[in-house]
Structures are given as structure tokens and as C-alpha cells.
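Chemist: When you get a sec, could you give me coordinates for this:
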Amino acid sequence: DQFLARVNDALGPQGQVDYIVLNHTEPDHSGSMLRIYRERFPNATLVCTPTALNFVSKVHNTTFPKYIDSSQVKSLDLGGLTLQFVIAPFPALARQHDDLLPELKTIFTCDVFGAHYSHEGVFNDNVASDANYMEAYRYYYDCIFGPYKPYVIKPLPSWTSWTLRRSAAPTGRSSGA
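Modeler: Residues are numbered from 1 along each chain as shown. The predicted structure is shown next:
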């Protein structure tokens, strides 16, 4: 209810969403997506990998008639902004992808730069105690990504060609200026 209310507050009663980009499918991240899709934006196009489409369709027991395969298209024009899809070779989570918004110098990572850490500040530089954040971040990485370190670092060299100012993760704080 709270998330849907915030979407409505941000977009207003007549606001539209053309695309729902699903780069992460676990129910703790995508659980409210179905409600937003059904109740507020039933004409939106779902953008995700085929594996993600299969997973989320089964989890939510529904179909999505409008769909774009993010593993087959390189980018999506958002009317002045370009969302580029970065399919990371991570076999444990083949249903996910990262998204790059070059005009805003922002990468939307899946869980790779996330943490189970909640704070009212949106950005990590708004967190009063970096020690708590860094401890949560390290624990999250060690538990979830530590075993897959080669897959985590493999795509990083390609990032050197990008000019990034921030990383926005769906789990935890966003980093940048």
C-alpha cells in the first residue's frame, strides 16, 4: 500500500508508466510489481530477461502480454534518457541484469553493490555512521556474493569506459553524488 501510494504521489492520478523494468525477480524485490502492474499500469510493457519473465510469471501466476527481452535489445529510449541493459554473466542469477543510464551517469545494479541496511537517507553519504553501513555491506557481500567473486568482478573492466557518478542498488543505499 505504501509503495503504491508513493508511486501515485510521484506521478499523480493521470501519470503513466510505459515500461516496468524488472532487473531483479526475487519476491522481496519484485513482490509489489504485480500489484502496481495490475492496479495502476496494466498497459505497461515488462522489460526483463526471458528467465526473469518465466520466473516472475510463475511466482505471480500471471502472464504479461507486453514484453521486451532485455537480453536481445541493447537499450531503451525513455524520451531523452537512454536505459542500457548490461547482462552480467552470473549463472546463479541468470534472470537479472544491470541497467546503465549514461545521461545521469548512473548504474542500477542488482544486488552486487547492495546491503541489508535500512536508513532514511537515500544516499550512503547521508548515513551518519559509515561503520554500520560498511559492516552490513561487507556481511551482505560475503554471504551472497563471496562464493561467486569471479562472476562479480568479470564485468567490472568494461565499466572503465563509462563515466559513473552513482550506483543505485535495489538492496540498501545508493552511492554517489
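Chemist: residue contacts, Ser158?
Modeler: Contacts for Ser158 (Cβ atoms under 8 Å, 6 or more residues apart in numbering) come out as Val86. The C-beta positions use only the backbone N, C-alpha and C, and glycine is treated the same way.
Chemist: Asn132 versus that one, what's the distance?
Modeler: Between Ser158 and Asn132 the computed distance is 32 Å (Cβ to Cβ, to the nearest Å).
Chemist: give me the element Leu83 is part of.
Modeler: Assessed by DSSP states H and E, Leu83 sits inside strand 82-86.
Chemist: How about that strand, which residues are buried there?
Modeler: Leu83, Gln84, Phe85, Val86 (16 or more other Cβ atoms under 10 Å).
Chemist: Show me what it is packed against.
Modeler: The criterion is 3 or more Cβ pairs under 8 Å, 6 or more residues apart in numbering; DSSP states H and E, and the helices and strands that strand 82-86 contacts are strand 75-77, strand 98-101.
Chemist: contact partners of that strand?
Modeler: Outside strand 82-86, the residues that reach it (Cβ under 8 Å, 6+ apart) are 21, 70-71, 73-76, 97-103, 107, 155, 158.
Chemist: go on, stretch 41-48?
Modeler: 16-23, 25, 37, 53, 56, 64, 66-70, 76, 95, 97.
Chemist: and the end-to-end length of it?
Modeler: Length of stretch 41-48, first residue to last, Cα to Cα, to the nearest Å: 17 Å.
Chemist: Asp99: how many residues sit nearby?
Modeler: 20 (other Cβ atoms under 10 Å).
Chemist: Surely it touches Leu81?
Modeler: No. In terms of Cβ atoms under 8 Å, Asp99 does not count as a neighbour of Leu81; the distance is 11.0 Å.
Chemist: Now the common contact residues for those two.
Modeler: By Cβ under 8 Å, 6+ apart, no residue touches both Asp99 and Leu81.
Chemist: ranges for the helices of this protein?
Modeler: In the chain, helices defined by DSSP state H lie at 2-11, 27-30, 33-35, 50-60, 130-140, 149-153, listed in chain order.
Chemist: picking that back up, in TSV, list the helices and strands packed on strand 82-86 along with mean pLDDT and distance to Asp142.
Modeler: Conversion of the helices and strands packed on strand 82-86 to TSV gives the following (pLDDT from 0 to 100; distance: least, Cβ to Cβ, whole Å):
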stretch	mean pLDDT	distance to Asp142
strand 75-77	93	33
strand 98-101	84	21
